[in-house]
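Colleague: From the sequence below, what's the structure:
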Amino acid sequence: MKFFKPTLIAVALFAVAGCQEGAKKEEVKAPVLEAEIQKQAYGLGASIGMYMQRNLAEHDKLGLALDKELIVRGFVDSINDKSLIEKEEIQALLTNLDKTMKAKQQEMAAKASEASLAEGQKFLADNAKKEGVMVTESGIQYSVLTASEGDKPAATDTVKVHYKGTFLNGETFDSSYDRGEPAVFPLNRVIKGWTEGVQLMSVGSKYKFTIPSDLAYGPNGNPPRIPGNSVLEFEIELLEIQKSEAAPQVGDQAAK
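Modeller: Numbering: from 1, shown residues only. Prediction:
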């Protein structure tokens, strides 16, 4: 479903719905949703409400909870042309709210990145000592889950793989298995840890990689899903290598 961007009206509509939570069920009159135009009106409000539920929850998480009663009051006053604050001041207030929210987000991201760095360094040190774990010169750690012999891809090849990516706590953040189909991509257009690691594999093999953050998404991470300085783990199954075509040599075309 496509959600509408937040506006003052969107916030107010969500808050109007929210203020009904305290009312007794018998006092709430069910809306009439018989005609198409009635359903469209309700659907518009529902779409805005779902968007704003997430938006206001994010404010709460950052310690910037908005008073719903004041939002409702501002909405009602405005549609009655009795707003207590002029339009220009409202725009300035919302601009400042947006700036404050972004600053809070950056502060939280920095703290998460710092915590990830310390956690990742300890995990890598401990994991390197485990039986069966090998470490490349660059720092990638890997173990062979299913061995195979045969061709190995070059960085310029396109590969077909099944994979699962997890954080150090075991939470999955990406999985071709969950999507129900393998991924196909040029090996030199992914994170460095993948480009290097998959070249160690033969078709039919399955490896588990632990990739340091500097060979993954680095200090900035990959917002909003992956925090900065995240050490990532991948189980990768190499299904197919699609060799890149050799560049034609000078004179080849003329010889044809």
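Colleague: Okay, now the unreliable bits of the stretch 151-256 of the chain?
Modeller: 244-256 (pLDDT under 70).
Colleague: What segments of it are helices?
Modeller: In the stretch 151-256 of the chain, the segments counted as helices under DSSP state H, counting those that start in this stretch are 176-179, 192-198, 252-255.
Colleague: closest to residue 54 out of these?
Modeller: Among the helices of the stretch 151-256 of the chain, helix 176-179 comes nearest to residue 54, with 22.3 Å by Cβ to Cβ. For the C-beta atoms, the positions are set from N, CA and C on the backbone; glycine is no exception.
Colleague: name the helices or strands packed onto the closest one?
Modeller: Here helix 176-179 touches strand 158-166, going by 3 or more Cβ pairs under 8 Å, 6 or more residues apart in numbering; DSSP states H and E.
Colleague: Work out the sheet partners of the strand it packs on and label each with its direction, please.
Modeller: strand 172-175 (antiparallel), strand 183-186 (antiparallel), strand 232-242 (antiparallel) (DSSP bridges).
Colleague: hang on, the earlier thing: of the helices of the stretch 151-256 of the chain, which approaches residue 134 most closely?
Modeller: helix 192-198 (10.9 Å).
Colleague: So which elements touch that closest one?
Modeller: Checking 3+ Cβ pairs under 8 Å, 6+ apart, helix 192-198 ends up next to strand 206-211, strand 232-242.
Colleague: switch the cut-off to 6 Å
Modeller: Using 3 or more Cβ pairs under 6 Å, 6 or more residues apart in numbering; DSSP states H and E as the contact test, no helix or strand touches helix 192-198.
Colleague: by how many degrees do the longest helix along the chain and strand 232-242 diverge?
Modeller: Scanning the chain for the helix with the most residues, using DSSP state H, yields helix 87-127. For helix 87-127 against strand 232-242, the angle by axes from the mean of the first three to the mean of the last three Cα atoms, to 10 degrees is 80 degrees.
Colleague: following helix 87-127, which helix or strand comes up?
Modeller: strand 134-135 (DSSP states H and E).
Colleague: so which of the strands paired with strand 158-166 comes closest to residue 156?
Modeller: strand 183-186 (7.5 Å).
Colleague: Excluding its own residues, what touches the closest one? List them.
Modeller: With contact meaning Cβ atoms under 6 Å, 6 or more residues apart in numbering, strand 183-186 is reached by 158, 160-161, 176.
Colleague: By neighbour count, which of these wins?
Modeller: residue 161 (21 neighbours; other Cβ atoms under 10 Å).
Colleague: I'd like the average pLDDT over stretch 79-91.
Modeller: Across stretch 79-91, the average pLDDT comes to 88.
Colleague: now that stretch, how far from the centre of its chain.
Modeller: The offset between the C-alpha centroid of stretch 79-91 and the centroid of the whole chain comes to 37 Å, using Cα atoms, centre = their mean, to the nearest Å.
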